[in-house]
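Engineer: here is my input; please provide its structure:
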Amino acid sequence: MTSVISDRPSFLQSRIGGFPRAFWVLLGGTFINRLGTMVEPFIGIYLTQARGLPLATAGLVLAVFGIGSLMSQLVAGWLADHLGRRATLAGGMVATAATMIALGYSTSLPAIVAAMGVLGVVVDAYRPASQALVADLIPAHDRSRAFGLLFWAINLGFAVAMVAGGMLVRSGFVWLFWIDAVTSVVFGVLVWRAVPETRPDRTREAGGFGDVLKDRLMVTYVALTLLYTFVYLQAYTTLPLAVTSSGLPASAYGFAMAVNGLLIVVVQPLVGHWLAKRDPSGTLALGMAVCALGFALTAFVSTTAGYAVSVAIWTLGEVVTAGMAGTVVALLAPPHLRGRYSGLFGFAWSAGGLLAPLIGTRLLSAGQATLWITVGVLGLLAALGQLAIGPAIRRRAAAAHPVGVGVGS
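Structural biologist: So this is what the prediction gives:
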């Protein structure tokens with residue numbers, strides 16, 4: 001009697017198996033860090049209620065934070081290539097912790113402005129280094145799955161942080177600053193002690209941001225990312241205003257966004273393995289298009305259930321894009337410039353964070369239909385643009401990996 005042993009991986013192995021220990025340390029540290037992300041979501045309330053700043057002044061302080069965030073991605077991308085991924089990530093986390101404590105105890109306007117500016121620079125400095133680490137550690141055929149798992153961990157941690165932060169804020173904002181600081185330090189220490197430096201030898205190849213900007217395919221991709229980011233970030237800027245202007249309570253927005261978190265946590269692990277086998281550029285275009293549809297449909301809803309449905313639709317698009325954006329960056333970037341490429345990609349998100357409320361609120365003032373139809377059209381344009389550059393991305397991937405490494409099927 002003979003037994004047959006199947007080589008087919010189990011359900012769990014197909015979704016989380018095959019990654020090195022360093023990746024799991026990075027994912028675990030990211031999750032812990034997002035569990036402690038309690039200051040940013042409540043920073044506007046902190047500035048106006050705890051520190052008594054007028055709305056206009058608070059807006060200027062937040063603008064300083066946004067400018068710092070723009071600088072952050074470019075500086076951190078350079079550091080990730082120059083000093084190394086591990087040093088940049090760990091250093092950024094320690095600097096974030098120190099700045100959080102300083103901001104939490106700042107009482108004068110100059111001190112608050114200075115702390116917010118520094119926080120904008122350091123709080124997301126880990127992102128280019130983290131993306132470069134994944135690209136260094138994970139083979140090309142598995143990167144979509146790895147980035148998807150990071151996306152899932154970030155959203156799960158953030159969802160818990162929102163609930164916990166909302167409860168803790170009743171006991172005083174200082175708790176939020178200390179928790180954020182402690183989790184940042186834990187993340188930094190984990191990376192420093194358990195993640196090896198993966199930066200390629202800088203003596204073999206030189207390059208800088210000038211080389212990145214000469215890459216017309218990357219610049220086009222970043223421009224499309226900025227367009228998509230402007231669309232996506234309406235969820236956190238104009239959507240709550242749209243919900244309340246429809247005569248609904250703020251809790252209706254909370255309910256609708258709870259649908260977003262629930263779908264990501266449940267659906268992404270189920271479909272991530274399947275999506276990882278698809279062409280990253282084409283899959284990204286599909287996700288952008290679904291997001292565009294979901295936001296456009298917001299123009300035709302006015303009830304809590306209606307908003308929840310529109311959120312559910314664009315969340316499905318968000319799940320489809322999860323892992324794909326970072327995978328495309330890794331496909332386009334030479335190993336010795338992965339930090340800078342990731343930094344330029346992050347710059348698009350920071351710029352979108354500035355433009356989304358600035359332009360979105362003006363569109364909303366012209367009417368809900370004006371805002372959401374415009375946003376839907378822009379999202380569709382981003383999807384079409386991504387679809388158009390897909391062949392060039394596939395050619396770049398094929399040239400870098402002639403044998404074929406799971407860049408499409």
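
Engineer: quick one: mean pLDDT for the helix or strand hosting Leu60?
Structural biologist: Per DSSP states H and E: Leu60 is located in helix 55-82. Here helix 55-82 scores 88 as its mean pLDDT.

Engineer: after that helix comes which helix or strand?
Structural biologist: For helix 55-82, the following helix or strand on the C-terminal side (DSSP H and E) is helix 85-104.

Engineer: so what does that following helix touch, helix or strand wise?
Structural biologist: Counting by 3 or more C-beta pairs under 8 Å, 6 or more residues apart in numbering; DSSP states H and E, the packing neighbours recorded for helix 85-104 are helix 55-82, helix 109-122, helix 126-137, helix 174-194. No exception for glycine: its C-beta is placed from N, CA and C like everyone else's.

Engineer: number of residues surrounding Gly66?
Structural biologist: If you count neighbours by other C-beta atoms under 10 Å, Gly66 ends up with 19.

Engineer: report the contact partners of it.
Structural biologist: By C-beta atoms under 8 Å, 6 or more residues apart in numbering, the contact set of Gly66 is Gly120, Ser350, Gly353, Leu354.

Engineer: so the last one makes contact with Leu70?
Structural biologist: Yes: using C-beta atoms under 8 Å, Leu354 is in contact with Leu70, at 7.1 Å.

Engineer: and the helix holding Leu60, what's buried?
Structural biologist: By neighbour count on 16 or more other C-beta atoms under 10 Å, the buried set for helix 55-82 is 57-58, 61-62, 64-70, 72-81.

Engineer: run a quick neighbour tally on the spatially closest residue to Ala114 that is not a sequence neighbour.
Structural biologist: Distance criterion C-beta to C-beta, 6 or more residues apart in numbering; nearest residue to Ala114, sequence neighbours excluded, is Ser106 at 7.9 Å. By the criterion of other C-beta under 10 Å, Ser106 has 16 neighbours.

Engineer: and Ser106, what does it touch?
Structural biologist: Going by C-beta under 8 Å, 6+ apart, Ser106 touches Ile112, Ala114, Ala115.

Engineer: what do you get if the cut-off is 10 Å, keeping everything else the same?
Structural biologist: Contact analysis of Ser106 by C-beta atoms under 10 Å, 6 or more residues apart in numbering lists Arg51, Ile112, Val113, Ala114, Ala115, Met116.

Engineer: so the fourth one touches Val64, yeah?
Structural biologist: Yes: in terms of C-beta atoms under 10 Å, Ala114 counts as a neighbour of Val64; the distance is 8.7 Å.

Engineer: any common contacting residues for the two?
Structural biologist: Here Ala114 and Val64 share no contacting residue, scored by C-beta under 10 Å, 6+ apart.

Engineer: for Tyr341, find the nearest of the helices and strands packed on helix 85-104.
Structural biologist: Closest to Tyr341 of the helices and strands packed on helix 85-104 is helix 55-82 (C-beta to C-beta; 7.3 Å).

Engineer: quick one, that closest one and helix 85-104 angle?
Structural biologist: On the basis of axes from the mean of the first three to the mean of the last three C-alpha atoms, to 10 degrees, helix 55-82 is oriented at 160 degrees to helix 85-104.

Engineer: wait, which of the contacts of Ser106 is closest to Val231?
Structural biologist: Using C-beta to C-beta, Met116 comes nearest to Val231 of the contacts of Ser106, at 26.4 Å.

Engineer: contacts only, for the nearest residue to that closest one once chain neighbours are set aside.
Structural biologist: Nearest residue to Met116 in three dimensions, chain neighbours excluded: Phe65, at 4.6 Å (C-beta to C-beta, 6+ apart). Phe65 makes contact with 40, 43, 113, 115-121, 123, 353-354, according to C-beta under 10 Å, 6+ apart.

Engineer: go again using 8 Å as the cut-off
Structural biologist: The contact partners of Phe65, by C-beta under 8 Å, 6+ apart, come to Ile43, Met116, Gly117, Leu119, Gly120.

Engineer: ok, now Gly306?
Structural biologist: Counting by C-beta under 8 Å, 6+ apart, Gly306 touches Phe300.

Engineer: which SSE is it in?
Structural biologist: Using DSSP H and E, the secondary-structure element containing Gly306 is helix 304-321.

Engineer: now the helices for the stretch 251-400 of the chain?
Structural biologist: 280-297, 304-321, 324-332, 338-365, 368-400 (DSSP state H, counting those that start in this stretch).

Engineer: make TSV from these and add distance to Phe31 and mean pLDDT to it.
Structural biologist: Output for these, formatted as TSV (distance: least, C-beta to C-beta, whole Å; pLDDT from 0 to 100):
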stretch	distance to Phe31	mean pLDDT
helix 280-297	23	96
helix 304-321	18	95
helix 324-332	17	92
helix 338-365	20	91
helix 368-400	29	94
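
Engineer: could those helices go into TSV alongside distance to Val266?
Structural biologist: Compiled in TSV, the helices of the stretch 251-400 of the chain are given as follows (distance: least, C-beta to C-beta, whole Å):
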stretch	distance to Val266
helix 280-297	17
helix 304-321	10
helix 324-332	19
helix 338-365	25
helix 368-400	24
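
Engineer: let me know which of those is tucked in deepest.
Structural biologist: By mean neighbour count, with neighbours taken as mean count of other C-beta atoms under 10 Å, helix 324-332 ranks first of the helices of the stretch 251-400 of the chain at a mean of 26.

Engineer: for the closest residue to Gly272 other than its chain neighbours, what are its contacts?
Structural biologist: Distance criterion C-beta to C-beta, 6+ apart; nearest residue to Gly272, sequence neighbours excluded, is Gly148 at 4.0 Å. Neighbour list for Gly148: Gln268, Gly272, Leu275, Ala276, Ala322, Gly323 [criterion: C-beta under 8 Å, 6+ apart].

Engineer: give me the neighbour count for the third one.
Structural biologist: Same thing as Leu275. Using other C-beta under 10 Å, Leu275 has 21 neighbouring residues.

Engineer: pull the contacting residues for Ala80.
Structural biologist: By C-beta under 8 Å, 6+ apart, Ala80 lies in contact with Thr88, Leu89, Pro128, Ala129, Ala132, Arg199, Arg338, Gly339, Arg340, Ser342, Gly343.
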